[in-house]
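Asks: I'll drop the sequence and a predicted model, then ask my questions.
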Amino acid sequence: MPPEYLLQGTVSTDIDVFGFGVLLLEIVSGRMNHWSYDVEHPLNLLGLTLVLWNNGRGLELMDLVLEESCTPNEVMTCIHVSLFCIQDHAMDRPTMSEVVSMLTNENMHLPEPNQPVFFVERHDAETGRDDNHNNVTNGSVNDLTGNHFQF
């Protein structure tokens with residue numbers, strides 16, 4: 001769910017753009033967003049994508065099933081577009097028409113997206129510590145799931 005819905009309950013068409021970005025990442029990676037994928041820093045799919053993208057390793061996200069049907073450039077375009085869709089602020093997200101244009105226009109130069117800061121780490125709600133036993137200092141904990149919302 002996008003930050004504006006989680007934090008304020010705001011509903012708009014921008015929620016659908018965020019959801020599409022998450023779905024696109026799930027398709028490209030073959031992974032679900034609610035799982036933790038990093039042992040040292042238990043990140044969800046969005047956090048993992050950001051780490052790989054920032055380190056120039058975005059193709060490591062690709063599901064091997066796609067090797068036969070997609071080029072590396074197509075996969076990187078999908079990841080790039082998804083990063084625009086999962087922006088923290090709804091006004092920074094593209095419209096779905098813009099998303100379609102970005103995905104279908106091979107010659108379109110896509111600028112670097114803003115760095116989203118909203119991601120979810122797995123968290124031990126009872127101790128108030130994360131998996132590395134560092135004190136939680138910035139964010140909130142969902143008591144139902146034990147997820148730590150980091151800002």
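Replies: In hand now; what should we look at? Note that the structure is a prediction, hence the values are computed from the model and not measured.

Asks: what's the burial count for the spatially closest residue to Met102 that is not a sequence neighbour?
Replies: Distance criterion C-beta to C-beta, 6 or more residues apart in numbering; nearest residue to Met102, sequence neighbours excluded, is Val81 at 4.9 Å. Just so you know, the C-beta spots here come from the backbone N, C-alpha and C atoms, and that holds for glycine as well. Taking other C-beta atoms under 10 Å as the criterion, the count of residues near Val81 is 22.

Asks: who does the one helix or strand Val81 maps to touch, helix- and strand-wise?
Replies: Using DSSP states H and E, the element containing Val81 is helix 72-85. The contact analysis (3 or more C-beta pairs under 8 Å, 6 or more residues apart in numbering; DSSP states H and E) places helix 72-85 against helix 13-29, helix 45-54, helix 96-104.

Asks: rewinding a little: retrieve the pLDDT associated with the residue nearest to Met102.
Replies: For Val81, the pLDDT comes out at 96.

Asks: Could you measure from it over to Leu46?
Replies: Val81 is 14 Å from Leu46, where distance means C-beta to C-beta, to the nearest Å.

Asks: In CSV: the helices and strands packed on helix 72-85, plus mean neighbour count.
Replies: Below are these laid out as CSV (neighbours: other C-beta atoms under 10 Å):
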stretch, mean neighbour count
helix 13-29, 19
helix 45-54, 20
helix 96-104, 13
